[in-house]
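Asks: Build the 3D model from these lines:
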Amino acid sequence: MKKNLWCSTLALLCVSRLTAQPVDDTQLKQVIIFGRHGVRSPTLPNSTLINFSVQPFPVFSSSGGNITVNGATNETILGGYYRLWLTKGGLLTGKDSADADFVYFRAIGTPLIVDTARAFWAGMLPAAGVNVNSYGPQESDPLFLPVGAGVARLDERMAVAAVMGRLGGNPQSLTSAYAPELALTRSVLFGYPASETPVPATPGGKVDVTTIPIDVAAGSPTLPVDLGGLAEVNGAIDPFFFEYADGLPTSEVGWGQLTAGGISQISRLLSLALDLEFRTPYRQRCRVPMWPRTWCAPWFRQPPGMR
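Replies: You can find the predicted model right below:
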């Protein structure tokens, strides 16, 4: 009997607490979206890439690291998704010309980033004239590139010291830690099975990027540190990611030598570089620049009279 009475009392207390919760009358007022660029072509031209491989790289629908046709299409589809989501959330009405007055797009002023933002706009506000705000191609936007714009200071010596500290003063140790990824990279570039032993010699007239020394040196306002050979490796494998993302048949990605799992494995080298360059905490009171490929920050605010 006492047990039943205790249980009843507990139940009453729980009900009391539940009914005492305040009513959630919050309303969504604005959304800020940060996005990366769409699928692009390799940053290095094929005339340079051929020095690193025994086979020619494919020709993309764009060149110079600019957005591809498929990349723009994907961004427009993504913009359409946000159109539906924001309309359902009450921040867009579906009347594009009116909604455009409450949308602000900001992009770094390079063709890749601006074109990505425009394609996104085309999907989100298809009936409204495109309006993407940006600085000039040679200017540093303080929102995305504060060091280049002079609103933040990067201590280059501290940046190098901080990265070297993470690596125990031995950048070359990365060649051992990431030996499988480098071995796979080499096998794809020089066209032999990754399991082959001993590995074949470097073909005549070719550069083995996996043997270029990894070092840490001062970078630039947009790139805090220069990682030497690691940057060269990432330049050579950069096309593989976008072959896959641009819809190239898997039988042709990396000349048929890279599966989705292989792409994932070599992408660790890119993740490593980004981690060292941009996620190493520098001991200074400033923010290092955001990764310069951030494309835009569209800002949505609620039109008057809308919930």
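Asks: Below-threshold pLDDT in the chain: ranges please.
Replies: Applying pLDDT under 70 to the chain flags the ranges 1-20, 283-307.
Asks: What ranges does the chain have for its strands?
Replies: 30-32, 103-107, 132-134, 214-220, 223-228, 299-301 (DSSP state E).
Asks: which strands and helices sit next to the longest one?
Replies: Counting contacts by 3 or more C-beta pairs under 8 Å, 6 or more residues apart in numbering; DSSP states H and E, strand 214-220 packs against helix 156-166, strand 223-228, helix 229-245. For the C-beta atoms, the positions are set from N, CA and C on the backbone; glycine is no exception.
Asks: Domain map for this structure?
Replies: Per automatic domain parsing, the structural domains of the chain span 31-145+293-301, 156-278.
Asks: Any idea which of the ones you listed gets closest to residue 22?
Replies: Shortest distance between residue 22 and the domains of the chain, using C-beta to C-beta, is found for domain 31-145+293-301: 21.7 Å.
Asks: The stretch 1-150 of the chain: helices as residue ranges?
Replies: Ranges of helices in the stretch 1-150 of the chain, per DSSP state H, counting those that start in this stretch, are 2-19, 46-49, 69-88, 96-99, 111-124, 146-149.
Asks: With mean neighbour count as added columns, please give the ones you listed in a markdown table.
Replies: Putting the helices of the stretch 1-150 of the chain into a markdown table (neighbours: other C-beta atoms under 10 Å) gives the following:
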| stretch | mean neighbour count |
| --- | --- |
| helix 2-19 | 9 |
| helix 46-49 | 14 |
| helix 69-88 | 17 |
| helix 96-99 | 15 |
| helix 111-124 | 23 |
| helix 146-149 | 18 |
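Asks: between those helices, which one is nearest to residue 245?
Replies: Evaluated with C-beta to C-beta, those place helix 69-88 nearest to residue 245, the distance being 7.8 Å.
Asks: what's the offset of that closest one from the middle of its chain?
Replies: Here the centre of helix 69-88 is set off from its chain's centre by 17 Å, with C-alpha atoms, centre = their mean, to the nearest Å.
Asks: Please name every helix or strand in contact with it.
Replies: Using 3+ C-beta pairs under 8 Å, 6+ apart: helix 69-88 touches helix 111-124.
Asks: which secondary structure elements does the helix it packs on contact?
Replies: Using 3+ C-beta pairs under 8 Å, 6+ apart: helix 111-124 touches helix 69-88, strand 103-107, strand 132-134.
Asks: Relative to residue 249, which of these is closest?
Replies: Smallest distance to residue 249 across the helices and strands packed on helix 111-124 (C-beta to C-beta): 13.2 Å, for helix 69-88.
Asks: what residues does the closest one touch?
Replies: 31, 33, 37-40, 61-62, 67, 92-94, 115-116, 119-126, 245-247, 300 (C-beta atoms under 8 Å, 6 or more residues apart in numbering).
Asks: Against residue 157, how distant is residue 146?
Replies: As judged by C-beta to C-beta, to the nearest Å, residue 146 and residue 157 stand 19 Å apart.
Asks: Out of the helices of the stretch 1-150 of the chain, flag the one nearest residue 26.
Replies: Smallest distance to residue 26 across these (C-beta to C-beta): 16.6 Å, for helix 69-88.
Asks: Run the angle between the closest one and strand 103-107 for me.
Replies: Here helix 69-88 points in a direction 150 degrees away from that of strand 103-107 (axes from the mean of the first three to the mean of the last three C-alpha atoms, to 10 degrees).
Asks: got the end-to-end distance for stretch 130-138?
Replies: Stretch 130-138 stretches 22 Å from its first residue to its last (C-alpha to C-alpha, to the nearest Å).
Asks: May I see the helices and strands packed on strand 214-220 organised as CSV, with mean neighbour count added?
Replies: Shown next, in CSV, are these (neighbours: other C-beta under 10 Å):
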stretch, mean neighbour count
helix 156-166, 16
strand 223-228, 20
helix 229-245, 22
